[in-house]
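Participant: model this:
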Amino acid sequence: MRKIELDIVALSHSVTQSHNYAVVLGEQGGSRRLPIVIGSFEAQAIAVAMERMTPNRPLTHDLFKNTLETFNIELKEVIINNLLDGIFYARLICIKDSEIIEIDSRTSDALAMAVRFNCPIYTYEFILDAAGVVLEDTEEEGAPVEQGTQPKGKPAALSSYSIDALHKMLEEVLGEENYERAAEIRDEIRRREQTS
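Facilitator: Okay, here's the model as predicted:
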């Protein structure tokens with residue numbers, strides 16, 4: 001079966017499930033998108049790795065990555081290999097001493113690992129046929145990728161802080177492992193840096 005490579009193109013609040021998030025995967029060289037609903041913890045785990053934030057202590061996915069590396073196991077690729085009753089299934093394809101090892105995984109966890117290992121993400125045609133959506137012509141090609149876990153719009157309170165206070169606040173919330181708030185503060189800092 002031919003594998004189709006995907007990229008993470010968006011991470012945002014789920015429109016259909018209020019307490020969850022959606023990660024949107026885009027077909028490389030194509031117009032199809034594969035939206036997958038994930039939990040808030042997994043969304044934070046993906047966002048932290050995508051934004052290259054460094055938590056004070058390793059998150060669960062960082063711990064798993066460190067464990068694999070300690071035992072010289074390389075994550076070669078992630079494959080979203082099945083879709084049953086609306087649930088996506090994935091496998092981590094690992095290599096140890098030239099031997100290929102496949103590990104069953106929740107799709108959200110597999111994506112969090114793929115971002116950490118910077119490895120390709122694949123799926124199959126039948127999954128895109130069943131759950132994929134086609135990017136409409138009205139959407140602009142090259143539009144900026146949404147990479148935060150917060151809803152659009154900055155909290156008004158952040159605009160009242162100085163840039164130095166925002167940097168200090170960012171360190172504090174990272175220390176508390178509040179990555180959703182850290183993403184909001186980081187976005188406010190970036191917005192100000194772009195306008196100055």
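Participant: contacts, neighbours, all on C-alpha from now
Facilitator: Noted.
Participant: low pLDDT regions in this protein?
Facilitator: The model of the chain has pLDDT under 70 over residues 14-18, 136-157, 160, 196.
Participant: max-length helix in it?
Facilitator: helix 179-195 (DSSP state H).
Participant: show me where the protein has its helices.
Facilitator: 40-50, 60-70, 107-117, 125-131, 156-159, 163-175, 179-195.
Participant: any chance of the ones you listed in a markdown table with distance to residue 91 as columns?
Facilitator: Shown next, in a markdown table, are the helices of the chain (distance: least, Cα to Cα, whole Å):
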| stretch | distance to residue 91 |
| --- | --- |
| helix 40-50 | 16 |
| helix 60-70 | 15 |
| helix 107-117 | 7 |
| helix 125-131 | 14 |
| helix 156-159 | 40 |
| helix 163-175 | 31 |
| helix 179-195 | 27 |
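Participant: what are the buried residues along stretch 119-127?
Facilitator: For stretch 119-127, burial by neighbour count (16 or more other Cα atoms under 10 Å) applies to 120-124, 127.
Participant: can you pick out the most distant pair from the residues you listed?
Facilitator: Using Cα to Cα, the buried residues of stretch 119-127 reach their maximum pairwise distance at 120 and 127, which is 16.9 Å.
Participant: chain center to the longest helix of the chain, what's the gap?
Facilitator: 18 Å (Cα atoms, centre = their mean, to the nearest Å).
Participant: could you list the buried residues of that helix?
Facilitator: Neighbour-count burial for helix 179-195, counted by 16+ other Cα under 10 Å, picks out 179-189.
Participant: could I get the residues you listed as CSV with distance to residue 65?
Facilitator: Shown next, in CSV, are the buried residues of helix 179-195 (distance: Cα to Cα, whole Å):
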residue, distance to residue 65
179, 19
180, 22
181, 24
182, 23
183, 22
184, 26
185, 27
186, 25
187, 27
188, 30
189, 30
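Participant: the protein - how does it break down into domains?
Facilitator: The chain resolves into domains spanning 3-147, 156-195 when parsed by automatic domain parsing.
Participant: from residue 128, how far off is the residue nearest the centre of the chain?
Facilitator: Centroid-nearest residue in the chain: residue 46, 3.4 Å away (criterion: Cα atoms, centre = their mean). Counting by Cα to Cα, to the nearest Å, the gap from residue 46 to residue 128 is 22 Å.
Participant: got it, and residue 178?
Facilitator: Noted for residue 178: a distance of 34 Å to residue 128, by Cα to Cα.
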